[in-house]
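[1] no FASTA, just this:
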């Protein structure tokens, strides 16, 4: 099982893709997903604190991912 | 609450159309904020900017930012758009029209929306430099790092 994660901007560059299958099984905490990502190729380029959006809302690291959730990593925003 | 229009767009922003959306018979002041791509950032010549968004979430956050300011400012009427894609020098990346019976609310409303937008809406920009280098801008690094409330570097 795996969870698809959407990547944008510098994070998409770090992992070399815009959508990554992360080998963790839902339900699992956001923190577990982030820890797993750090061990994947390119994961060493993530900053110490990574924001995660679940179903298009920022989620706490203790939040639990459910099967079918839309998960995205959110780099530091720079709009305007 | 009067958020009339909020959208992430890829075509050039039609500012006149946004003004028409915000205009109303009770409006006595209409403030327009435009963020544009400038040719210099941190002393380095810039030739253009790629804007990228998490489109679904960005559209929701754009609307949420404007709705919060409208909720805090009774009578405010807002229409806004953020553009994504590759923009050249002088192109409009974001347009906010805030209309009210009175000028203070219109001007303050537009200012409040752009400040909150820059903190919250999932949009990213990659600057193009004269030497061909391209860099994603990270407002948490460099001059703004010590205080997250400081407006980001680069274009508005």
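    That came through fine. Quantities reported herein were computed from a predicted structural model and do not represent experimental measurements. Residues are numbered from 1 along each chain as shown, chains lettered A, B, ... in the order given.
[2] Can you name the residues that contact residue A:70?
    The neighbourhood of residue A:70, defined by CB atoms under 8 Å, 6 or more residues apart in numbering or on different chains, consists of A:6, A:53-56. Any C-beta I mention is one placed from the backbone N, CA and C, and that applies to glycine too.
[3] Show me which of the residues you listed is closest to residue B:129.
    Checking the contacts of residue A:70 against residue B:129 by CB to CB gives residue A:6 as the nearest, at 27.7 Å.
[4] how about the nearest residue to that closest one once chain neighbours are set aside, secondary structure?
    With sequence-adjacent residues excluded and distances taken as CB to CB, 6 or more residues apart in numbering or on different chains, residue A:6 is closest to residue A:72, at 3.9 Å. Here residue A:72 is recorded as strand under DSSP: H, G, I helix; E, B strand; the rest coil.
[5] Just checking: what are the partner strands of the helix or strand bottoming out on mean pLDDT in chain B?
    Ranked by mean pLDDT, DSSP states H and E, the weakest helix or strand in chain B is strand B:40-41, scoring a mean of 94. If you go by DSSP bridges, strand B:40-41 pairs up with strand B:44-53 (antiparallel).
[6] which stretches of chain B have low pLDDT?
    Low-confidence segments of chain B, defined by pLDDT under 70: B:1, B:142-156.
[7] buried sites along stretch B:40-53?
    If you call a residue buried by 16 or more other CB atoms under 10 Å in any protein chain shown, then stretch B:40-53 has these buried ones: B:41, B:46, B:48-53.
[8] Settle this for me: the residue nearest to residue A:6 is touching residue A:11, isn't it.
    No: if you go by CB atoms under 8 Å, residue A:72 and residue A:11 don't touch, sitting 9.2 Å apart.
[9] Looking only at neighbour counts, state which of those two leads.
    Taking other CB atoms under 10 Å in any protein chain shown, residue A:72 and residue A:11 do not tie; residue A:11 has more neighbours (26 against 23).
[10] Next, residue A:78: phi, psi?
    phi -150, psi 40 (degrees, to the nearest 10).
[11] cool, and residue B:138?
    Dihedral angles (degrees, to the nearest 10) for residue B:138: phi -120, psi 100.
[12] Spatially, what comes nearest to it if we skip its sequence neighbours?
    residue A:76 (4.9 Å).
[13] May I have the residues that are in contact with the one you found?
    A:47, B:138-140.
[14] Check residue A:72 too.
    By CB under 8 Å, 6+ apart, the neighbours of residue A:72 are A:5-8, A:52-53, A:56, B:54, B:57.
[15] I'd say residue B:61 and residue B:118 touch.
    No: judged on CB under 8 Å, residue B:61 makes no contact with residue B:118 at a distance of 11.3 Å.
[16] Which one's more surrounded, these two?
    residue B:61 (28 against 22).
[17] what about the closest residue to chain A within chain B, neighbour count?
    Minimum separation of chain B from chain A (CB to the nearest CB) falls at residue B:123, amounting to 3.1 Å. By other CB under 10 Å, 28 other residues sit near residue B:123.
[18] For residue B:128, see how far away the residue lying closest to it once chain neighbours are set aside is.
    Nearest residue to residue B:123, sequence neighbours excluded (CB to CB, 6+ apart): residue A:79, at 3.1 Å. For residue A:79, the distance to residue B:128 (CB to CB, to the nearest Å) stands at 17 Å.
[19] So between those two, which is more surrounded?
    Taking other CB under 10 Å, residue A:79 and residue B:128 do not tie; residue A:79 has more neighbours (29 against 19).
[20] pretty sure the more buried one contacts residue B:94?
    Yes: Residue A:79 is within contact range of residue B:94, at 7.0 Å (criterion: CB under 8 Å).
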